[in-house]
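> I would like to see how this sequence folds:
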Amino acid sequence: MKKTGLRFSLFLFCIITFLQACKKDDNNSPSQAIDASNWGSFVPVSWYNLELKLIKETPGFTPPVAARAIAYTSITLHETVVRGMPDGTSLSGQLDGLSYLPYNDPEARYNWAIAANSAMADILRSLFGNASSDNQALIDQLEVDNQLELTSSEFTQEDIDRSIDFGKQMANAIYLWSASDKGQAAYLDNFPASYVPPVGNGLWEPTPPLFQSAMLPYWSKNRFLFSSNKNIINQIAAPPTYSVNPTSTFYQAANFVYETVNSLTQEETYIANYWADATGTFTPAGHMLAITAQLVKDNNLTLDIAAQLFTQVGIALNDVAIVCWDCKYKYNLVRPITYIHKNINPAWNGKIGTPPFPSYVSEHASFTSATGTILGAYFGTSFSFTDNQKVSDGFSPKTFNNFQDMIDEAAYSRVYGGIHYEFDINEGKTLGKSIADQVLTLKF
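Model (predicted):
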């Protein structure tokens, strides 16, 4: 009897010890969970590489539309990952209209890289609803491949399912928020027939050889992501007064474009083509994303830092496009090719095709200045790097001593191409920096 009682006591002790151990493990599992800083950046980089392909191959993804998609993809990434950043700050309440987002269970474990993978897959499905069936299949496949790569014994299937579900909830919430910004369906109608451009001296008119109608004339009506950027609209100086007098500032600016294109060096011609990023490419906004993704990968940034940097660039690109397009259709300024044909040489042509919207201010200069300013804030203003993103298009890698060199070259490429005046690019660079400076005040 005594032996039986002893055995029972030992058995009971083992059971209690086991249960206490289980309870201890359960209570500690959230605090022991791996936070976002423990993962690398391969998940977002893989998705942005696919997004660049989608921008190239999906109808309607012109530069502002591409910038918008990049922004919402990045915000989805950040808002998913920030829950796994002990000192991170959500953008909810900081971005215009972004208020209600899913909450993770603080008592549960999450694989934040898997959550990010799920979120980015779903947001791209939603943003690129008109992607080809082949590209839709690529989204499905990348989601599966990444998840298999990330699955490990450290996380139970329940943890993985919870992470996937949270990512999908976040993507859905961000997409619903995006639908109210007035830009959701723009990829279906970049050239609205309802817009009739004003007519008059110095005003934009369709340019050769395609003579397309005005692209995205209502884009400036879109909601800013960061409402502080609205104020920058009123800080943009007006372009020089239109004049055909050969001694006027305007004539001299147009003649400078004319003379510059007529005397381009081989290197300047190369620069004009390198930065063209026209229809069928990843666009100027995509080029900025591609450089960002390359630097994130090359410098082995962790998931949390990568999410912040991508989101800063994305927000800046989106809001730059709104201010830039506001200027374009506020001033409706004639393009250099039209002015030169009428007042200098009717047989002249630029080095690259003129896009179908007004001249002032330069979109290229604006996008590049905003992105370069943000990248410089993180990597440093003297950081040198090589842009490898045009190699597949037949260009050699391009090395820059710093981000300002990149900004200046990309901006000036539009003068070399014959599609912008110098004052277009100078004010564009100012605009881009102003937007970036505002975005850098956001708390992450």
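
> which SS class is residue 372?
Secondary structure, DSSP: H, G, I helix; E, B strand; the rest coil: residue 372 is helix.

> residue 406 is in contact with that one, correct?
Yes: using C-beta atoms under 8 Å, residue 372 makes contact with residue 406 at a distance of 5.5 Å. All C-beta atoms are positioned from the backbone trio N, CA, C, and that covers glycine.

> between these two, which one's more packed in?
residue 372 (28 against 24; other C-beta atoms under 10 Å).

> where does the closest residue to residue 282 other than its chain neighbours fall, helix, sheet strand or coil?
Spatial nearest neighbour of residue 282, excluding adjacent residues (C-beta to C-beta, 6 or more residues apart in numbering): residue 52 at 4.5 Å. At residue 52, secondary structure determined by three-state DSSP is helix.

> tally of neighbours for the closest residue to residue 195 other than its chain neighbours?
Closest residue in space to residue 195, ignoring its immediate chain neighbours: residue 217 at 4.2 Å, by C-beta to C-beta, 6+ apart. Neighbourhood size, residue 217 [other C-beta under 10 Å]: 21.

> mind checking what secondary structure residue 217 has?
Assignment for residue 217 (three-state DSSP): coil.

> kindly report the same for residue 434.
Residue 434 - assigned by three-state DSSP - is helix.

> wait, it touches residue 234, no?
No: in this structure, residue 434 is not within contact of residue 234 by C-beta under 8 Å, at 11.0 Å.

> quick check: can you list the domain ranges of the protein?
32-178, 196-439 (automatic domain parsing).

> ok, so what distance separates residue 39 from residue 115?
10 Å (C-beta to C-beta, to the nearest Å).

> would you confirm that residue 420 contacts residue 362?
Yes: the criterion here is C-beta under 8 Å, and residue 420 meets it with residue 362 at 4.9 Å.

> what touches both of these two?
residue 414 (C-beta atoms under 8 Å, 6 or more residues apart in numbering).

> so where's the stretch 1-150 of the chain shaky on pLDDT?
Residue ranges of the stretch 1-150 of the chain with pLDDT under 70: 1-33.

> quick one: the strands in it?
In order along the chain, the stretch 1-150 of the chain carries no strands (DSSP state E, counting those that start in this stretch).

> sorry, back to before: of residue 39 and residue 115, which one has the most company?
Set side by side, residue 39 and residue 115 show more neighbours around residue 115, with 29 against 22, by other C-beta under 10 Å.

> thought that one was touching residue 164?
Yes: under the criterion of C-beta under 8 Å, residue 115 makes contact with residue 164 at 7.1 Å.

> rewinding a little: neighbour count: residue 434 and residue 234, which is higher?
The neighbour count for residue 434 versus residue 234, taken as other C-beta under 10 Å, is higher for residue 434 (21 against 6).

> if I look at that one, how far off is residue 327?
The gap separating residue 434 from residue 327 is 12 Å, by C-beta to C-beta.

> and what of residue 433?
With C-beta to C-beta as the criterion, residue 433 and residue 327 are 15 Å apart.

> picking that back up, so residue 420 and residue 362 - more neighbours on which side?
Of the pair residue 420 and residue 362, residue 362 is the one with more neighbours under other C-beta under 10 Å, namely 33 against 29.

> skipping adjacent residues, who's closest to that one in space?
Using C-beta to C-beta, 6+ apart, the nearest residue to residue 362 is residue 428, at 3.6 Å.

> next: residue 264.
residue 416 (6.0 Å).

> what do you get for residue 432?
residue 369 (2.8 Å).

> so that neighbour touches residue 411, yeah?
Yes: Residue 369 lies in contact with residue 411 (C-beta under 8 Å); the separation is 7.1 Å.

> count of neighbours near residue 309?
26.

> leaving out the residues flanking it, which one is nearest to residue 429?
residue 369 (4.3 Å).

> contacting residues around that neighbour?
407, 411, 428, 429, 430, 431, 432, 433, 436.

> farthest-separated two in those residues?
Spatial extent of these (C-beta to C-beta) is set by the pair 411 and 436 at 14.2 Å.

> secondary structure class for residue 399?
strand.

> identify the bridge partners of it.
Under the criterion DSSP bridges, residue 399 forms beta bridges with residue 386.

> before we move on, back to that, so the residue nearest to residue 195 makes contact with residue 196?
No: applying C-beta under 8 Å as the test, residue 217 and residue 196 come out as separate, 9.3 Å apart.

> touching, the residue nearest to residue 282 and residue 283? I think so.
No: at 9.2 Å, residue 52 does not count as touching residue 283 under the criterion of C-beta under 8 Å.

> tell me the confidence at residue 230?
pLDDT for residue 230: 96.

> OK, contacts around the residue nearest to residue 195?
192, 195, 197, 329, 357.

> do that again at 10 Å, thanks
By C-beta atoms under 10 Å, 6 or more residues apart in numbering, the residues touching residue 217 are 190-192, 194-197, 325, 328-329, 332, 357-358.

> next, format those as JSON lines and append neighbour count.
Conversion of the contacts of residue 217 to JSON lines gives the following (neighbours: other C-beta atoms under 10 Å):
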{"residue": "190", "neighbour count": "21"}
{"residue": "191", "neighbour count": "14"}
{"residue": "192", "neighbour count": "13"}
{"residue": "194", "neighbour count": "7"}
{"residue": "195", "neighbour count": "13"}
{"residue": "196", "neighbour count": "9"}
{"residue": "197", "neighbour count": "16"}
{"residue": "325", "neighbour count": "25"}
{"residue": "328", "neighbour count": "25"}
{"residue": "329", "neighbour count": "21"}
{"residue": "332", "neighbour count": "21"}
{"residue": "357", "neighbour count": "28"}
{"residue": "358", "neighbour count": "24"}
